[in-house]
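In: Prediction below, plus the sequence it came from.
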Amino acid sequence: MSFLSFALALAAAHPESLSRTQIRVEGARAEVEIRFQALSLIEVRPELDRTRDGFLDQGELAAARAEVEAYLLASLRLLSREGAREEPIVGALVSLVPDDPARLGALELQSVTARLDFAAPRPLTSLAVESLLFHETNPWHQDFCSLTWNDDEPVPHTFEGQATRWDFEPAHVRRPGVLATFVHLGITHILGTLDHPLAGSDHLAFLLALLVASRRVRTLIGVVTAFTLAHSLTLAAAALGWVHVPPLFVELAIALSIAYVACDNLLRREARNPWPEAFLFGLLHGLGFAGFLKNALLGEPLILTALLGFNLGVELGQLAFVLACVLLVALLFRAHRRREGADGIVPARVRTAVSIFVALCGFYWFLQRAGWLPWE
């Protein structure tokens, strides 16, 4: 669209031009309902408003039914997608019903509801939707679309500006990709990436404090299981909107939980089975995971799949870290573990050194997140 035509469109069109489109796919058929402002159609086809009153009655629409049908089918196209091949789906106008102007409020715009029926030669496997509704006079027109695929939940999408195409994939097609994406996100959130190598350092520090406090290697199973169960519960509850806790409080509490477990190691001086701490503070860490995941879930309809993938990724990251620690302990402290009456999986001096380091990290993160560090 040239600058001149765009400027003319700005001058001719009414502000806040909106429409709502609902698409329901059942096998080879797609039923479409479009509710749009009558003024938007009049701006595109001024000749339809024969009385020049800014409204469209049933008679005016009936007289121009073929023209309106041709316009809607040209502006809203459904295409069947099979791999790289696309085929337009044939559609027809079923009904065209205007709101009664007599029942409208003084400042209320009249709307028109159009129903169309599309029929493909075979059951649809995926779909592309192209919407240019009222773009001739309203380049900023917004169409709030939702698509219901067979028995799946409706998926929302907004057409606006130059975003005129939506390549829709059903849930069963998208699910493996969504699962893989969020598994990777969970792993990198724990183990970090080349760009952010310390992404999950606070969670790993908490696990490290629990590991060095453990009495024997097999007690690690209980510790990791308790931590996993706890953070899975609060991660799901927060991500699904059942629980809401201020993010700053969560981050501060996580930092203090790290410092607490490390200081507890120093005060007790003997190894133990710290699964109660793992479960209790795992609830906090789950809220932290949910805060990170919140933005990634925006606009993602497969929330349960995403949650499962992210949680699985977190567990894989944790498992890799724990296995690496166990291997390191087996190599470095084999003699200590074989000693009769050995206290813990690592010597007391190692437990003390690691706990001091983790406690300092926990207090540092608390001060940093609270904004109390003078050099931050």
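Out: On my side now, so go ahead. These numbers come from a predicted model, not from an experiment.

In: in the stretch 151-300 of the chain, which spans are strands?
Out: Secondary structure of the stretch 151-300 of the chain (DSSP state E, counting those that start in this stretch): strands located at 155-160, 165-168.

In: which helices and strands sit right next to the last one?
Out: Looking back up the chat, that one is strand 165-168. The criterion is 3 or more Cβ pairs under 8 Å, 6 or more residues apart in numbering; DSSP states H and E, and the helices and strands that strand 165-168 contacts are strand 127-131, strand 142-149, strand 155-160. For glycine as for every other residue, the C-beta is placed from the backbone atoms N, C-alpha and C.

In: Pull the distance from that strand to the chain's centre.
Out: Taking the mean C-alpha point of strand 165-168 and that of its whole chain, the gap between them comes to 18 Å (Cα atoms, centre = their mean, to the nearest Å).

In: quick one on the thing from earlier: okay, the strands of the stretch 151-300 of the chain in JSON lines with distance to Ala120 next?
Out: Formatted as JSON lines, these follow (distance: least, Cβ to Cβ, whole Å):
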{"stretch": "strand 155-160", "distance to Ala120": "19"}
{"stretch": "strand 165-168", "distance to Ala120": "14"}
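
In: Distance check, the closest residue to Gly291 other than its chain neighbours against Leu293.
Out: Ranked by Cβ to Cβ, 6 or more residues apart in numbering and with sequence neighbours excluded, the top spatial neighbour of Gly291 is Pro247, at 4.8 Å. According to Cβ to Cβ, to the nearest Å, Pro247 and Leu293 sit 12 Å apart.

In: So these two - more neighbours on which side?
Out: For Pro247 against Leu293, the residue with the higher neighbour count under other Cβ atoms under 10 Å is Leu293, and the figures read 21 against 15.

In: what about Arg334, how many neighbours?
Out: A count of nearby residues for Arg334, using other Cβ under 10 Å, gives 10.

In: sorry, back to before: what's the closest of the strands of the stretch 151-300 of the chain to Thr219?
Out: Each of the strands of the stretch 151-300 of the chain has some distance to Thr219 by Cβ to Cβ; the shortest is strand 155-160, at 46.0 Å.

In: Could you check the angle that closest one makes with strand 142-149?
Out: Put simply, strand 155-160 runs at 150 degrees to strand 142-149, going by axes from the mean of the first three to the mean of the last three Cα atoms, to 10 degrees.

In: give the contact list for the closest residue to Leu104 other than its chain neighbours.
Out: Nearest non-adjacent residue to Leu104, counting by Cβ to Cβ, 6+ apart: Gln110, 6.0 Å away. Contacts for Gln110 (Cβ atoms under 8 Å, 6 or more residues apart in numbering) come out as Gln37, Ala38, Leu39, Gly54, Phe55, Leu56, Pro98, Asp99, Pro101, Leu104.

In: how about low-confidence regions in the stretch 101-250 of the chain?
Out: Under the criterion pLDDT under 70, the flagged ranges of the stretch 101-250 of the chain are 194.

In: ranges for the helices of it?
Out: For the stretch 101-250 of the chain, the helices defined by DSSP state H, counting those that start in this stretch occupy 171-191, 201-213, 219-239, 247-268.

In: Check which helices and strands the second one sits against.
Out: Secondary structure elements in contact with helix 201-213, counted by 3+ Cβ pairs under 8 Å, 6+ apart, are helix 219-239, helix 247-268, helix 275-297, helix 303-332, helix 348-370.

In: Can you tell me which of those is nearest to Gln22?
Out: Of all the helices and strands packed on helix 201-213, the one in closest proximity to Gln22, counting by Cβ to Cβ, is helix 303-332 (21.3 Å).

In: Would you point out which residue is most central in the chain?
Out: For the chain, the residue nearest the mean C-alpha position is Leu297 (1.5 Å; Cα atoms, centre = their mean).

In: Show the contacting residues for that one.
Out: Ala239, Ile303, Ala306.

In: Ala278 now?
Out: Residues near Ala278 by Cβ under 8 Å, 6+ apart: Leu210, Gly222, Val223, Val224, Ala226, Phe227, Ala230.

In: Could you verify my assumption that Pro121 touches Ala28?
Out: Yes: taking contact to mean Cβ atoms under 8 Å, the distance of 7.1 Å between Pro121 and Ala28 places them in contact.

In: Next, count neighbours for the closest residue to Leu256 other than its chain neighbours.
Out: Here the nearest residue to Leu256 in space, its sequence neighbours aside, is Phe366; by Cβ to Cβ, 6+ apart that works out to 5.7 Å. When neighbours are defined as other Cβ under 10 Å, Phe366 has 19 of them.

In: Same check on the one 3 residues further on?
Out: Other residues within reach of Arg369 by the criterion other Cβ under 10 Å amount to 19.

In: Using the record's assignment, carve this structure into domains.
Out: Structural domains annotated on the chain: 3-169, 175-370, as defined by automatic domain parsing.

In: Do a quick rundown of the strands in the stretch 1-150 of the chain.
Out: Listed from the start of the chain, the stretch 1-150 of the chain has strands (DSSP E, counting those that start in this stretch) covering 18-26, 29-37, 76-82, 85-88, 90-98, 111-119, 127-131, 142-149.

In: okay, those in TSV with distance to Arg175 and mean neighbour count next?
Out: Output for these, formatted as TSV (distance: least, Cβ to Cβ, whole Å; neighbours: other Cβ atoms under 10 Å):
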stretch	distance to Arg175	mean neighbour count
strand 18-26	17	19
strand 29-37	22	19
strand 76-82	17	19
strand 85-88	23	12
strand 90-98	29	15
strand 111-119	25	18
strand 127-131	17	20
strand 142-149	12	19
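
In: Let me see the backbone angles for the closest residue to Ile42 other than its chain neighbours.
Out: Spatial nearest neighbour of Ile42, excluding adjacent residues (Cβ to Cβ, 6+ apart): Asp49 at 4.7 Å. Listed backbone geometry of Asp49 is phi -90, psi 80, with angles given as degrees, to the nearest 10.
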